[in-house]
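Novice: Sequence and predicted model, in that order:
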There are 2 protein chains.
Amino acid sequence: MGKNESASVNRRMEIISAAIEVFAETGYYRATTMQVAKRAGISQPYIFRFFSTKEELLLVALEASWQRIADSFRQVIATASPTRLEQELIETYEEIMNAYRSEMLLQMQAQTIQEEPIRMAMQSGFRDIRRIVLEAFQKNGVPDSEERTKLFIARGMLCNISMALGLPELMEG
Amino acid sequence: MGKNESASVNRRMEIISAAIEVFAETGYYRATTMQVAKRAGISQPYIFRFFSTKEELLLVALEASWQRIADSFRQVIATASPTRLEQELIETYEEIMNAYRSEMLLQMQAQTIQEEPIRMAMQSGFRDIRRIVLEAFQKNGVPDSEERTKLFIARGMLCNISMALGLPELMEG
DNA sequence: TGTGAGTGATTGATCAATAACTAATTTATA
DNA sequence: TATAAATTAGTTATTGATCAATCACTCACA
């Protein structure tokens, strides 16, 4: 560690980014660690120097994708005016979807993965986002905060599906 | 064919039902045709007498699951009073989710499968349900039919996620 | 001469799909 | 009516690919 940790930390992040793309494109179970390695420009066994199993790689990738949403939302909440809050959160989520489509596709996949560590990560991701949005609505005096939070997330999920299937009419309006 | 078609048609349906369960539990790509065969009480190769590939089996299973929703919704729409329409559709969807959990989990999985035939089936499933609900809302004079349809479907999708992850607080209210 | 970064070769399992078969039932015919 | 032929319903055995993960190694360099 120390000043030289940066090299391997970067490698690690490169692998995570490659994995997110490959898993999203091909499906986690069908995607191979060889495909991830090629995308990251390294050999297949080298992945296992950073992640002990393919599932651990998925887990870390998922956590990173939730972190991105949480960070972006917190920043919006810290700066937006109360009347613009919900609209700015929506726009921020749309930007994330455009810039990090693969991360959202990976989250969608993980919604139905029954392995315990994955389910726990997804539960905690959803819970965190829900709490962040709900508390922001409440602090800004949004009426019916609970219902508004629910609808905010519901629209986000429909937005995901609309993007994944290429079905824009699902989100008209 | 004729009066004796029932035997093989039943076998076919047994395989589809088994596939829906196994695919939902294990994930389509990880699930094996052997697991499906065991669940259906037949040998693994016999599946390929009815379906030429594993993907075709998935396709047929998906179509059956969309058909169930469409049929149920059409029946509700034909009989419900205009003021109770949306509420009855919601209750019907919840009943389907309880009785055919696996079918909904399979649909969720298929939302991110990029293979063309699967994407087409999913697009057409969503389009059909949207059209059925929208036309019913319009005929019953529901105001803002388009927005109401969108929110109806969005809540349904959140309901799926809440069920799949075991996270009831997502649907509170 | 030790260490961090990385690779090639291999392996044991696993799977979809095919081929070649059998047993039972139905149908046609002498 | 007895029986041969055809069809239906199903099986066992096999194969060619594919993969995650491990092992043993190389190379640069401080």
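Specialist: Okay, I see it. Quick caveat: nothing in here was measured; it's all calculated off a predicted structure. Numbers count the residues shown, from 1 in each chain, chains lettered A, B, ... in the order given.
Novice: which one is the residue nearest to the spatial centre of chain A nearest to, not counting chain neighbours?
Specialist: Computing the C-alpha centroid of chain A and ranking residues by C-alpha atoms, centre = their mean puts A:Ser65 first, at 2.9 Å. Closest residue to A:Ser65 apart from its sequence neighbours, by C-beta to C-beta, 6 or more residues apart in numbering or on different chains: A:Glu103 at 3.8 Å. The way it works is simple: take the backbone N, C-alpha and C, and place the C-beta from them, glycine included.
Novice: try A:Ser72
Specialist: Distances taken as C-beta to C-beta, 6+ apart place A:Thr92 nearest to A:Ser72, at 5.2 Å, with adjacent residues excluded.
Novice: does the one you found sit in a helix or strand, and which one?
Specialist: Secondary structure from DSSP states H and E places A:Thr92 in helix A:85-99.
Novice: about what we covered before: how many other residues sit next to the residue nearest to A:Ser72?
Specialist: Summarising burial for A:Thr92: neighbours were counted as other C-beta atoms under 10 Å in any protein chain shown, giving 17.
Novice: In the strand or helix carrying A:Gln123, which residues are buried?
Specialist: Per DSSP H and E, A:Gln123 falls inside helix A:116-139. If you call a residue buried by 16 or more other C-beta atoms under 10 Å in any protein chain shown, then helix A:116-139 has these buried ones: A:118-119, A:121-122, A:125-126, A:129-130, A:132-134, A:136-137.
Novice: Of those, which are in range of chain B?
Specialist: Near chain B, judged by C-beta under 8 Å from any C-beta of the partner chain, the entries from the buried residues of helix A:116-139 are A:Arg119, A:Met122, A:Phe126, A:Arg130.
Novice: Tell me which helix or strand comes right after the helix holding A:Thr92.
Specialist: helix A:101-110.
Novice: Spell out which residues of chain A are next to chain B.
Specialist: Taking C-beta under 8 Å from any C-beta, the part of chain A that reaches chain B is made up of A:24-30, A:105, A:108-109, A:111-114, A:119, A:122-123, A:126-127, A:130, A:146-147, A:150-151, A:153-155, A:157-158, A:161, A:164-167, A:169-173.
Novice: Show me these that map onto helices.
Specialist: The helices in this structure, assigned by DSSP state H, contain A:24-26, A:105, A:108-109, A:119, A:122-123, A:126-127, A:130, A:146-147, A:150-151, A:153-155, A:157-158, A:161, A:164-165 from those.
Novice: Give me the buried entries from the residues you listed.
Specialist: Among those, those classed as buried by neighbour count (16+ other C-beta under 10 Å) are A:24, A:105, A:108-109, A:119, A:122, A:126, A:130, A:150-151, A:153-155, A:157-158, A:161, A:164-165.
Novice: just the angle between the helix holding A:Gln123 and helix B:145-165, please?
Specialist: Per axes from the mean of the first three to the mean of the last three C-alpha atoms, to 10 degrees, the angle that helix A:116-139 makes with helix B:145-165 is 140 degrees.
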